[in-house]
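1. I would like to see how this sequence folds:
(2 chains)
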Amino acid sequence: MSANSTALKPKKSGNLTGNSTGYTVFAVIILIVLTLFLLFPLYWIVTGSFKDVIAINAKQPVWFPVNPTMENYEKLFSRPAFLWLFNIVFISAAAMVLTCITAALAGYALGKKRFIGQKVLFTIIICAMALPKQVIVIPLAQEMTMMGLIDTLWAVILPTVGWPFGVFLMKQFAETIPGEILEAARVDGAGELRTFITVVLPMIKPGIGALAIFTFVNTWNDYFLQLVMLQTDTQWTLPLAISNLQGEMSSDFGLIMAGAALAAVPIIIVFIAFQKYFTQGIAMGAVKG
Amino acid sequence: MAQNPAVAEAGSKPKKTKAPSPRSGMSRALVRRETTSAYLFLLPSLLFFVTFVVVPMFICVYYSLTDYGLGGVKGFAGLNNYIKLFQDPIFHKGLLNTILIVVVAVPTVTAFSLWVSSAIYKMHAVPRSFFRCVFYLPVVTGSVAITVVWKWILHPYNGILNQVAGTTGFDWLGNQKTAIWFIILILFTTSIGQPIVLYVAALGNVDNSIIEAAEVDGATRLQVFWKIKWPSIMPTTLYVLVITTINSFQCFALIQLLTKGGPLNSTMTIMYQVYDTAYRLNDLGYACAIGVVLAVIIAIFSAIQFKVAKTD
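-> So this is what the prediction gives:
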């Protein structure tokens, strides 16, 4: 489509003269060992979720669920597990949509407009990016209480949208739009909003895709905000529910693994299906950043 | 997009087009108009940013100067919270642990992901995608799911580690010496995914003709790496350093779910102390003071990294 996609394609190289066979074998062995090491926790979650109480508490390693059972999932769904799954999907999706809209508008202004206070604003945004949420969580929770939003999904969504990383990323993308095109649109009599929608938006589309993926995954994983903001069990997210279940019944690992599997497997499937976009998006965010 | 030749041409050169400064060549009226429209575009984003980041930050600084416990703000405390901080052994421990995590995790994650990427980027597309996918899986799996399964793996009696190692009953997370190293290990497994994706892309972009020319001239593998590849992936390295540092500072779920800062504060970090002081001890003024100090420390770290990168 444009430089963004072509620049990322690795060049084919047939030249492997620098690689001795010994080194290649060594590298592949290390990579396979690492693969097993990284996949093991996932394997353990999925198999563990089908193990019965005896296998879970066995004193000898049980590598495979010999008597597979659904009782862990039955226990899990006797609680509002689907609601927890819905809550985390809703939080991640809402944060993603709101962040993309606000960040695209603001990034365009920061990247292409010349205005008073621009430098100061950009510096503040850069500084705020490194600020951990933990630092401001106390006043943030109070604000949510004042707004009547504490213990609702919005208490997690709104602060996520306020995080300025998206604005920074979109600014980097918007900067690459040539000024002449915007000038041409202006000469043609296009208003500000129309220029944005018909000219700017299509050109920063790859950036918006990258930002969407980033925001979705990061919000899904932002356990801290969920822990602080959500209390009632109907408002819990699946990750929060797993951690709370672990606190409640710390040795029922079968149930906890069923929860972990329910949280992990859908997003892993999405990731594998869209792997190309994920990796391109991540790489693109960095190239521009 | 393709219908406009100017767009296509600009697209092939991802260079930033430099815009004139507000003063040069723009009339006052135009600057004013531009400023108005710019702020209209910024408005939705600024609304969120100011309400949920800037205002809480100022309130946080204010609270850090007060005596604020369960019953609300009890009065102005000046710098008392900050003075207390420098005499607080838990804060000292947390500071040391935070530094330990950053100093161990950041270089190992960076070096290791660079090695993996160098090993896989020249591979055929299928194994390359496979390995990249595997290393990224712990990131998408989510910190909570990964953490709870490790809790089980490391469990003194039901854990697979003790069963395989024959060390039944040994509590890896309950031991002052081993707990922090397992935190770092798990942090490592969830941190390498993104750098690997970035490095594979960056290494793929290194100009191959230069490498081939160098190889014709008899350059060794190491020379090719240090003289050609390393300088051209420098921007990626900087980005990896920054995100890994921020990630390491912010590691929270791991500590909350595995050790809660224990045993005997051996896995306490500054980040976790903010949470613990606020939500378990209800000493909100003090928690805010720790938070402010943490923000300053992160700002200093980031500034150093940017300085180092600029001089390179």
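2. going forward, measure contacts between C-alpha atoms and count neighbours the same way
-> Noted.
3. mind checking pLDDT for B:G193?
-> Looking at B:G193, its pLDDT reads 88.
4. Can you point out the buried residues in the one helix or strand B:L95 maps to?
-> Counting by DSSP states H and E, the element that carries B:L95 is helix B:89-120. Buried residues in helix B:89-120, counted by 16 or more other C-alpha atoms under 10 Å in any protein chain shown: B:90-102, B:104-106, B:109-110, B:112-114, B:116-120.
5. which residues touch the first helix or strand past that helix going along the chain?
-> Going down the chain from helix B:89-120, the next helix or strand is helix B:125-141, by DSSP H and E. Helix B:125-141 is contacted from outside by A:31, A:35, A:38-39, A:217, A:263-265, A:267-268, A:271-272, A:275, B:120-122, B:146, B:189-194, B:196-197, using C-alpha atoms under 8 Å, 6 or more residues apart in numbering or on different chains.
6. then the helix or strand harbouring B:D67 to PDB, C-alphas only?
-> In this structure, B:D67 sits in strand B:66-69 according to DSSP H and E. Extracted in PDB, the C-alpha atoms of strand B:66-69 (Å, rounded to 0.1, in the frame of the first residue of the first chain):
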ATOM      1  CA  THR B  66      -0.600  16.100  53.600                       C
ATOM      2  CA  ASP B  67      -1.400  13.700  56.400                       C
ATOM      3  CA  TYR B  68      -4.100  11.700  54.700                       C
ATOM      4  CA  GLY B  69      -5.300   8.500  56.400                       C
END
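7. Give me the contacts around it.
-> Taking C-alpha under 8 Å, 6+ apart as the rule, strand B:66-69 contacts B:73-78, B:81, B:282-286.
8. Of the residues you listed, which fall within the contact range of chain A?
-> Residues of these in contact with chain A (C-alpha under 8 Å from any C-alpha of the partner chain): B:L284.
9. among the contacts of strand B:66-69, which two are most distant?
-> B:G78 and B:N282 (19.1 Å; C-alpha to C-alpha).
10. So between the two, which is more surrounded?
-> The neighbour count for B:G78 versus B:N282, taken as other C-alpha atoms under 10 Å in any protein chain shown, is higher for B:N282 (16 against 13).
11. List the residues that contact the more buried one.
-> B:69-70.
12. quick one: pLDDT of it?
-> Reading off the confidence values, B:N282 has pLDDT 87.
13. Need phi/psi at it.
-> phi 60, psi 30 (degrees, to the nearest 10).
14. A:A95 versus that one, what's the distance?
-> As judged by C-alpha to C-alpha, to the nearest Å, B:N282 and A:A95 stand 30 Å apart.
15. In terms of pLDDT, where does the residue in the stretch 151-289 of chain A positioned nearest to chain B sit?
-> Chain B sits closest to A:G162 of the stretch 151-289 of chain A, with a gap of 4.2 Å, by C-alpha to the nearest C-alpha. Note on A:G162: pLDDT of 88.
16. Correct me if wrong: it contacts B:V54.
-> No - using C-alpha atoms under 8 Å, A:G162 makes no contact with B:V54, being 9.4 Å away.
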